[in-house]
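J.: output the structure for:
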Amino acid sequence: MKKSPVYCIVLTAMMSALAAVLLVFEFPIFPATPWLQLNISDMPALLTAFLLNPWLGVVVELVRILLFLAIRGTSSAFVGELSNLMIAIAFVLPAGYLFRIRKNLTSALIGLIAGSLCMIAVATLTNAYILLPLYGMEQAAIPALIPPTILFNVIKAVATSAVTMALCAVLKRTLPGIWPAEKKPAEKAEKKEETAGPSVQHDPTR
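T.: Predicted coordinates for the structure are as follows:
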């Protein structure tokens, strides 16, 4: 079902607001890295990428950060928020684009796995070369903080992906009208035959 512009705007705004609220409820899980706060605020952006398109998922991530800044402000001179946005985009875009290949739960899972791997890689690099140095961390102390950073992002990716997959399954079952339609192999074959036109049969007696 093709989504109208108004539908896309309203859904994107709702998901952005939900993401901002979820971002407020964050908490550290490792004493060694208190700046790494666990939350599942990427989930609404992932749903938006699946239900609409990946770039609207990125819009949700951006608006989420802006709303969070309006509510809580920044304690890192915007360094943490910039890093958060970069990591979130690395999660949402691969997941959204891989989902568009088939638009079913299997491709959603594949997209979430790929997005998780991209997110973990980007998070590790941004923490090692951007976030920690700008926080004033000495270069010699940074390598010891990389393993807990990777573990944290693995936990975050698994938690966010699990919640997103559960919601995808519920939406597909209860609200099939909002889920992108998947073309079945038979439908694709019929459409291909219609495009090719009727075949010309030759009389073997001629």
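
J.: the strands in this structure, which residues?
T.: Along the chain, the segments classed as strands by DSSP state E run 27-28, 37-38.

J.: just the mean pLDDT for the last one, thanks.
T.: Strand 37-38 carries an average pLDDT of 90.

J.: likewise the first one?
T.: Model confidence over strand 27-28 averages 87 on the pLDDT scale.

J.: repeat that for stretch 73-90.
T.: Per-residue pLDDT over stretch 73-90 has a mean of 86.

J.: tell me which residues in that stretch are buried?
T.: Across stretch 73-90, burial judged by 16 or more other Cβ atoms under 10 Å covers 79-90. Heads up, the C-betas are built off the backbone N, CA and C, glycines and all.

J.: who's in contact with that stretch?
T.: Outside of stretch 73-90, the residues within contact range by Cβ atoms under 8 Å, 6 or more residues apart in numbering are 35, 42, 45, 58, 61-62, 64-65, 68-69, 115, 118-119, 121-123, 126-127, 130-131, 134-135, 153.

J.: and those residues, which are buried?
T.: 35, 42, 45, 58, 61, 64-65, 68, 115, 118-119, 122-123, 126-127, 131, 153.

J.: just checking, which of the residues you listed belong to helices?
T.: Per DSSP state H, helices hold the following members of those: 45, 58, 61, 64-65, 68, 115, 118-119, 122-123, 126, 153.

J.: state the pair within those that is farthest apart.
T.: Pairwise distances among those were taken by Cβ to Cβ; the largest, 22.3 Å, belongs to Phe68 and Cys118.

J.: related to what we said a few turns ago, could you save the ones in helices among the buried ones among the contacts of stretch 73-90 as TSV and add columns showing distance to Gln139 and pLDDT?
T.: As requested, these are arranged in TSV below (distance: Cβ to Cβ, whole Å; pLDDT from 0 to 100):
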residue	distance to Gln139	pLDDT
Ala45	33	97
Val58	32	96
Glu61	30	96
Arg64	32	95
Ile65	28	94
Phe68	30	89
Gly115	30	97
Cys118	26	97
Met119	24	96
Val122	20	95
Ala123	19	93
Thr126	16	89
Asn153	21	94
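
J.: grab the nearest non-local neighbour of Tyr97.
T.: Pro54 (5.4 Å; Cβ to Cβ, 6 or more residues apart in numbering).
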